[in-house]
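*Asks:* Turn this into a structure:
(one chain, ligands or ions: 1)
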Amino acid sequence: MSDDVDTLRQDCLAALAEATDQRGWDAIRVSFLGKSGRLTGLLKQLGRMDAEERKVRGAQLNRLRDELTRAIEDRGREIETTALDARLAAERVDISVPVLETPRGGLHPVSQAVEEITAIFGAMGFTVAEGPDIETDWHNFSALNTPEHHAARTDHDTFYLPPEGDGRNRVLRTQTSGVQIRTMLGQKPPIRIIAPGRTYRADHDATHSPMFHQCEGLVIDQGITLGHLKGTLIEFLRVFFGKPDLPVRFRASYFPFTEPSMEVDIGWSRKTGEIGGGEDWLEVLGSGMVHPRVLANCGLNPEEWQGFAFGMGVERLSMLKNGIPDLRSFYESDVRWLTHYGTDPLAPALLHEGV
Ligand code: 2NL
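*Replies:* Residues are numbered from 1 along each chain as shown. As a prediction, this is how the structure comes out:
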């Protein structure tokens, strides 16, 4: 082997032996095999040789190129393996170290109750409808057959707002009925919706908050009877409270927007506080057959369409179900309370078998 070839070979192998990282290795590869590398330089000289000389020299250089190519590739793989081994050693994780506890938030009992209510009615074919908290006086009262100077408008301790540009009076909704009014105006029956959400009344004491949550429900179809109302609400209450034999009582009442109207009681024991106990009754829902005038106000012919509606207080149901004694605690954001009554946000709504 001629001297220059031998020197080049030695230089390359020596350089490779010294290379410790990808970058150094790459520099060597370029300086020997690259476009202006040393071996490439020698190969370029072949063109200036005569045939005989070129044959001998060419074969020699080709062998050298093969050898160096292989040596460079081998060294490259070695460097890669060494680097990977070093990384694996450095990044090793001790899986026996105890996991750090990360605090996890919980669902507020109001959210939990709304999820449960939604899941139960969802299983019965209801969907959730929503609407604005700031409602026109017409959607909140007039459409619901509450006359201009009816006691309900003041009974409800309504928060009145200044009229907007359109001159219509507005209120903070005292119930979510406006959502159902909008639904009836906007879509054709059959309708099966629940409307959970914030409601507002200017009332603040141990059992009343100026903002609280209600969930109303509405069913409109042909041939809907009181039987459907009773079956639906009995099923809902028994599943919600997890008591297949929960006593449920319907008591005649009055709302301007339903006729007949009924308040719904469940059995409980005043002595033990136990739901379903039996000796005493606890009011949990208001309900009734949608008043024909409400249907007419929403463009539905009462001769053709019937329906029932109901309303419940979400905090009240949550207090009864979870034994929470004080309404005000719902809005205090006391972390100890939230930790105690909050529920796993990833758990599905805790429901009992249908009854
Ligand atoms: C209660 C009573 C009730 C309704 C709400 C309603 C809505 C429309 C038409 C007719 Cl659009 N009725 N809602 C009916 C009966 C009772 O709520 O005690 N809520 C906490």
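
*Asks:* C-alpha only now, for contacts and for neighbours.
*Replies:* Will do.

*Asks:* Which positions in stretch 309-321 come out as buried?
*Replies:* Within stretch 309-321, the residues scored as buried using 16 or more other C-alpha atoms under 10 Å are 309, 310, 311, 312, 313, 314, 315, 316, 317, 318, 319, 320.

*Asks:* just those that are near the ligand?
*Replies:* 309, 310, 311, 312, 313 (C-alpha under 6 Å from any ligand atom).

*Asks:* how close does the residue of the stretch 1-150 of the chain found nearest the ligand sit to residue 137?
*Replies:* Ranking the residues of the stretch 1-150 of the chain by distance to the ligand (C-alpha to the nearest ligand atom) places residue 144 first, at 6.2 Å. Going from residue 144 to residue 137 by C-alpha to C-alpha, to the nearest Å gives 10 Å.

*Asks:* again with residue 15
*Replies:* With C-alpha to C-alpha as the criterion, residue 15 and residue 137 are 88 Å apart.

*Asks:* Please identify which of the two sits among more neighbours.
*Replies:* residue 137 (21 against 15; other C-alpha atoms under 10 Å).

*Asks:* mind listing what that one touches?
*Replies:* Under the criterion of C-alpha atoms under 8 Å, 6 or more residues apart in numbering, the neighbours of residue 137 are 168, 169, 170, 171.

*Asks:* For my notes, confirm residue 195 occurs in a strand.
*Replies:* Yes - inclusion of residue 195 in a strand is indicated when DSSP: H, G, I helix; E, B strand; the rest coil is applied.

*Asks:* In this structure it contacts residue 133, no?
*Replies:* No - contact between residue 195 and residue 133 fails when scored by C-alpha atoms under 8 Å: they sit 11.8 Å apart.

*Asks:* Looking at those two, which one has more neighbours?
*Replies:* residue 195 (24 against 18).

*Asks:* Residue 95 belongs to a helix?
*Replies:* No - the assignment for residue 95, made by three-state DSSP, is coil rather than a helix.

*Asks:* neighbour-wise, which of the contacts of residue 137 leads?
*Replies:* Busiest of these [other C-alpha under 10 Å] is residue 171, holding 21 neighbours.

*Asks:* How is that one assigned, secondary-structure-wise?
*Replies:* Taking three-state DSSP as the rule, one finds residue 171 in the strand state.

*Asks:* Just give the nearest non-adjacent residue to it, would you?
*Replies:* Nearest non-adjacent residue to residue 171, counting by C-alpha to C-alpha, 6 or more residues apart in numbering: residue 160, 4.5 Å away.

*Asks:* which ones are touching the one you found?
*Replies:* 169, 170, 171, 172 are the contacts of residue 160 under C-alpha under 8 Å, 6+ apart.

*Asks:* In a markdown table, list these along with pLDDT.
*Replies:* Converted to a markdown table, the contacts of residue 160 look like this (pLDDT from 0 to 100):
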| residue | pLDDT |
| --- | --- |
| 169 | 85 |
| 170 | 90 |
| 171 | 92 |
| 172 | 94 |
